[in-house]
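[1] Build me a model from this:
(3 chains)
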Amino acid sequence: MNVKKQILKKIIELIILLVVLSFLTFMLMYLAPGDPVEKKLSAQGTAISQEVLEAERERLGLNRPVLVRYAEWFAGVLHGDFGVSMTDEMPVGPRLAAGLSNTMVLALSSLIVALIVSIPLGILSAVKQNSILDHIVKLLSFIGNALPNFLISVLMMYLFCIVFRVFPVVANNSFNGLFLPAISLAIPMAGRFTRQIRAEIISQLDSDYVTGLRTRGVKEKDVLLRNVFHNASPHIFTIIALQIGTLMGGSVIIENIFRWPGIGRLVMEAINGRDYTTISGFVLIMGTIYVVINFLSDLLQQSMDPRSIS
Amino acid sequence: MSKRKKRQKIKIIIATIFALIVVVVGALANFIAPHDPNATNAMLMRKAPSAEYLFGTDNMGRCVLSRVLDGARITLASTFLLVAISFLVGIIIGMLCGYYGGIVDTILMRIADLMLAFPQMVVAIAVAGILGGGIFGAMIALGITMWTGFARLARSHTLSIKNEPYITAAKLNGKNGMQIIFGHIFPNIVENVLVNALTQIGTTMIGLAGLSFLGLGVTAPQAEWGSMISEGRAYLQLAPWVVIFPAIAIIITIIIFNYLGDVVMEYRRMD
Amino acid sequence: MKLSKKVLAAFMAAGMIFGMAACGGGGTSTGSSAAGSSAAGSSAAGSAAAGSSAAGSGDKILKAAASFAYASLDVHKESYGWYTSIYGVSESLFKVDDNSKVVSCLAKDAVAEGNKWTITLNDGVAFSNGNKLTAEIVIKNLKRAAEVNKKYAKYADYKMEAKDEKTVVIDTGDKPVPTMKNDLADVTLGMIDIDNTKDFDNNPICTGPFVIKEFKPKGDVTVAKNEKYWGGSVALDGAVFYYMQEDDPKLLAMQSGELDCYNSVSADAMAVYQKEPDKYKVVSIQGSRLQFYILNQKLDAKVREAINLTVDKDAMAEFLKGSVSPATSPFASTTAYSKVNIPKVDTAKAKSLIEEAGYKLGSDGIYEKGGQKLKLKVCYYAARSLDKLAVLMQEQLKAIGIDCELKVEEDADATYIKTKDYDIAWYCMISDKTGDPQYFIDTTLAKDSNYNGGFTNAEMDKLIEELHSETDSAKRAELANKIIQIAIDGNAFGYTGIFNHTTVLKPGVSGFAENSPYDFYGIDAKTTK
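    Numbers count the residues shown, from 1 in each chain, chains lettered A, B, ... in the order given. Predicted coordinates:
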């Protein structure tokens, strides 16, 4: 199968997936207790009369059958219009785009940090299995993984903003504001990556071909970098690809604590407010991201690991 | 070589003993706990650790030690069950996809993408609405996305070994697909996927607590480690022990079970 | 351009971490990277220091935190008017003072004659662009509010007329509206210069002491002094409202000196501030948010009475120390309409009541009747401390022999409040919007109300009817007291706590509405730093 055909096939798959995904989302949100009108009007904690609720539902067209609303929304999407928010009637598209680009910046920087830390540590602790270093790295990765991210965030904030005073608590959307959330996201990620990279490297080191190369007298460094890491990388990519998807969904807690206007808190607000249009727009984006990322990681696997092509 | 194996065996026994201790402590919490884990006391709010209250008290005056002990059972049971089921479902689906490829692979992997693309909260709200809450609902809400990671990893590993000589040899010997998947592929990829599963224990314990406001999770006032941590968050500066002790409990659990996983796998490799 | 800067920053952050990891872990060959990172670090430190020094001197800019941020500043839409009021941008015809009394603001007074209200505007009221506020503009505002906000649809039905430049006459037809003054004090009915405002969402022209300088939708809001403020000089030069949802960063920002004040302080943060009274001024007064539970009238009357005699609101408030005061009525105890009697806790009497209802204490310490345990379904949602109250209630009731099953829902209104599938339902709402009891009585005691567990009383209905037409505020308070007393005597509800309105301020900062029981006021002309 050539690449062109493969891409075409992927696009068809993607479209089917997005239709199913958005439809299911619409239905689930419809079935969930509460609706956008009730949610937004009672947000301040004052009781609202049934007449007002009904009038507002009528105005927003929420009393029409859910299938009609979905069809209308979907028709809009086909024309590139993601509709307006059910909560404040502002266009959803630009808002999602802004949130996504902020999240992407945060996701990329934390991913880079996590990889810079975990690739050398993972390889090192695999090569020096059961050494003191291996045990220390292991312990740190467990701790990084067990701490909830609010705790990491608050500790980071306390350390850097109150003790060392290198950053302001109330940071704006710049380097000052990026550093701490990126680290807070990277810490548990680095822990997971290190463990996984270590395991992948160890299982490669155990393979027959490594023993073969060693007996042939190939330098250990070359074995490690040229063969072992190369052969382990498709699996490492799979893990990173999964992580990218999670990262692109945004982290509500980290975004809230560090005032980072990412997509995570945007969507959390939308879910809490039963803002159907914003949520549906979001799942379209996420569906596309996952399909594209997984496609790329499959391609990578094929190109790096010719054994996997049947 | 066999001396090394013996040493490894001892390591496994030690790790198993520690793991058993954790399980036994959880099971016997009611007898070990020094206080009623749910008894509140306004006079004892946020008291620092003392001889009477070794781990201090939370902001309803409840004994943190007793709550950590009492919460062990439900925390461990729900987490291990969830991770184990997701692991099994994920690895089986991943192997099927990797080995057979084609339409089965396409459909199952797109379903995985679908599951991943749903915001977790949407799934959770829907599950809460349909099942009416409880810890079981929380496990489903998390499990719906958790298996996909294991599946993709297992698939990636299956792809890279399925054309190895020993698989081809097995095929030539007339073994069918299932026999090859479970007899040859599974033993070769299980370790890498298991490492991933074991690192998820901590995140799962925290994640289970994150859905409690939806009614998904343990019913109040039952203690559970993740919830203890997130409830204690509000007064972190006043009473850090309320967060620290359940967090330590989680870390110890992770260490013990990951270590157990490591030594068993190492032992297996020595064959 | 903006994005590429951020990407650059991302790489810098990555580099810095790399440097730190290398230093910390005793790495080998990353010297240049480490050097680069320390440079990045020090520049960040420099700018942080510069930021704080700018806050210390120069213009008087108040730095506050806001827990909510919305996409629009349109005063009339949704509840955005709460925020334009907090930001000191918009004002309404009347105001509710710190004692829940309606006082003059843009309007001098409003007098009723039958169903006709005559409202006189104050002298010299002008918008921030210098235009005068006239009776005609007031009418336009009320009509616009009715159009864009269904909550105010009734203003479209009233006949409104500008008698002269400063007098508005509102004819409510055959329906008396005794609360007109209170209604007009609603901050959502703030006055906008409708004819000259081009962008209602981002920059409404209003009459307040401040004008919008920079508005980031769902983000930070910066306001500047209104040089033409009709009410005289404005003490501050401006203010910034940082959008901060989480409690921890607010606490840390206050500790690092980056914030001057904020309100809705959590009980836990309050305890931290109170340890250092010379560094922080904490003001906590009874607010207007009520925690209460609804008793399903399907329960035996004696059991209901027993529950109310058992639930100890003082003990509950003890656990929520600082954030909640025990409720002596649904309304703040400073109001005239809070004079009711709630029976004291009496568990002995509660037990005998349950026994009178035919229950016998089982061997497990729980009452039972005909083999059926006395087990109640307690519904709540995990916000406003209701989760804690539900747990405490369960414990208190269990002590006398009533078992409870707790059920938490994310959305109370769409679940148990709607289906009435509960024995006890917890809820929290604002009981007093504008210094009058009618809104709360209508929402909880009217016949078809969702927030009523099925309680009815003929005499009460008659009194509510009277309340709807009585204009004298002393008499209204008296009626309200009688109505609420009937609900208390009938064990329709249990009022447990009223949230305190808690503000923390740096020494020297004052006037952040810290003495107001309401959440919708913030800075004004007198706010100082």
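
[2] mind checking how far the closest residue to residue A:206 other than its chain neighbours is from chain C?
    Once flanking residues are discounted, residue A:206 sits nearest to residue B:269: 5.7 Å by C-beta to C-beta, 6 or more residues apart in numbering or on different chains. Just so you know, the C-beta spots here come from the backbone N, C-alpha and C atoms, and that holds for glycine as well. Look at residue B:269 and chain C: by C-beta to the nearest C-beta, to the nearest Å, they are 28 Å apart.

[3] Tell me the spacing between the most centrally placed residue in chain B and chain C.
    Of all residues in chain B, the one closest to the mean position by C-alpha atoms, centre = their mean is residue B:201, 3.3 Å from it. As judged by C-beta to the nearest C-beta, residue B:201 and chain C stand 25 Å apart.

[4] Same check on residue A:154?
    Separation of residue A:154 from chain C (C-beta to the nearest C-beta): 5 Å.

[5] Where does that residue fall, secondary structure wise?
    Element membership of residue A:154, judged by DSSP states H and E, is helix A:149-157.

[6] now check whatever helix or strand comes next after that helix, is it near chain C?
    Remark: after helix A:149-157, the chain's next helix or strand is helix A:175-205, criterion DSSP H and E. Yes - Helix A:175-205 lies within reach of chain C by C-beta under 8 Å from any C-beta of the partner chain, at A:175, A:176, A:178, A:179, A:182, A:183, A:186.

[7] same for helix A:175-205, what does it pack against?
    Counting contacts by 3 or more C-beta pairs under 8 Å, 6 or more residues apart in numbering or on different chains; DSSP states H and E, helix A:175-205 packs against helix A:92-127, helix A:132-146, helix A:149-157, helix A:229-248, helix A:252-257, helix B:186-209, helix C:2-24, helix C:31-56.

[8] hang on, the earlier thing: confidence score at the residue nearest to the centre of chain B?
    Here, the pLDDT recorded for residue B:201 equals 88.

[9] secondary structure class for residue A:40?
    Put simply, residue A:40 is helix when judged by DSSP: H, G, I helix; E, B strand; the rest coil.

[10] meant to ask about residue C:279
    The local conformation at residue C:279, judged by three-state DSSP, is coil.

[11] Not counting its neighbours along the chain, what's nearest it?
    Sequence neighbours aside, residue C:507 is the residue nearest to residue C:279 in space, at 7.4 Å (criterion: C-beta to C-beta, 6+ apart).

[12] tell me the secondary structure for the one you found?
    What three-state DSSP gives for residue C:507 is coil.

[13] So what's the residue count around it?
    10 (other C-beta atoms under 10 Å in any protein chain shown).

[14] Show me where chain B dips below the pLDDT cut-off.
    B:1, B:271 (pLDDT under 70).

[15] Now do the contacts for the residue nearest to the centre of chain B.
    Residue B:201 makes contacts with B:79, B:80, B:83, B:253, B:254, B:257, B:258, as judged by C-beta atoms under 8 Å, 6 or more residues apart in numbering or on different chains.

[16] Also residue B:139?
    Contacts for residue B:139 (C-beta under 8 Å, 6+ apart) come out as B:78, B:81, B:82, B:208.

[17] What helices and strands are in contact with the helix holding residue A:154?
    helix A:175-205, helix A:252-257, helix C:247-255.

[18] Export those helices to CSV and append columns for mean neighbour count and mean pLDDT.
    Shown next, in CSV, are the helices and strands packed on helix A:149-157 (neighbours: other C-beta atoms under 10 Å in any protein chain shown; pLDDT from 0 to 100):
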stretch, mean neighbour count, mean pLDDT
helix A:175-205, 25, 91
helix A:252-257, 24, 92
helix C:247-255, 23, 93
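
[19] need the ones you listed in a markdown table with distance to residue C:320, can you?
    Converted to a markdown table, these look like this (distance: least, C-beta to C-beta, whole Å):
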| stretch | distance to residue C:320 |
| --- | --- |
| helix A:175-205 | 30 |
| helix A:252-257 | 23 |
| helix C:247-255 | 15 |
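
[20] would you say residue C:491 is within a strand?
    No - Residue C:491 is assigned coil when assessed by three-state DSSP, not a strand.

[21] Thought residue C:305 was touching it, still the case?
    Yes - contact criterion C-beta atoms under 8 Å: residue C:491 and residue C:305 qualify, at 5.1 Å.

[22] In terms of helices and strands, where is the nearest residue to residue B:242 once chain neighbours are set aside?
    Leaving out its chain neighbours, the residue that sits closest to residue B:242 by C-beta to C-beta, 6+ apart is residue B:232, at 3.5 Å. In this structure, residue B:232 sits in helix B:225-232 according to DSSP H and E.

[23] Please name every helix or strand in contact with the helix or strand following that helix.
    Next along the chain after helix B:225-232, taking DSSP H and E as the criterion, comes helix B:241-269. Contact here means 3+ C-beta pairs under 8 Å, 6+ apart; on that basis helix B:241-269 packs against helix A:132-146, helix B:2-27, helix B:64-100, helix B:186-209, helix B:225-232.

[24] let's see 10 Å
    Where contact means 3 or more C-beta pairs under 10 Å, 6 or more residues apart in numbering or on different chains; DSSP states H and E, helix B:241-269 is packed against helix A:132-146, helix A:149-157, helix A:175-205, helix B:2-27, helix B:64-100, helix B:186-209, helix B:225-232.

[25] between those, which gets nearest to residue B:145?
    Of all these, the one in closest proximity to residue B:145, counting by C-beta to C-beta, is helix B:64-100 (8.9 Å).

[26] can you give me the helices in the stretch 251-400 of chain C?
    Using DSSP state H, counting those that start in this stretch, the helices found in the stretch 251-400 of chain C span residues C:267-274, C:301-310, C:313-319, C:347-356, C:386-400.

[27] Now do the contacts for residue 205.
    As the question left the chain open, I've gone with chain A. Under the criterion of C-beta atoms under 10 Å, 6 or more residues apart in numbering or on different chains, the contact list for residue A:205 reads A:126, A:127, A:129, A:211, A:214, A:223, A:224, A:227, A:228, A:232, B:269.

[28] I was thinking of chain C, sorry if that wasn't clear
    Contact analysis of residue C:205 by C-beta under 10 Å, 6+ apart lists C:89-90, C:127-129, C:131, C:191-199, C:211-212.
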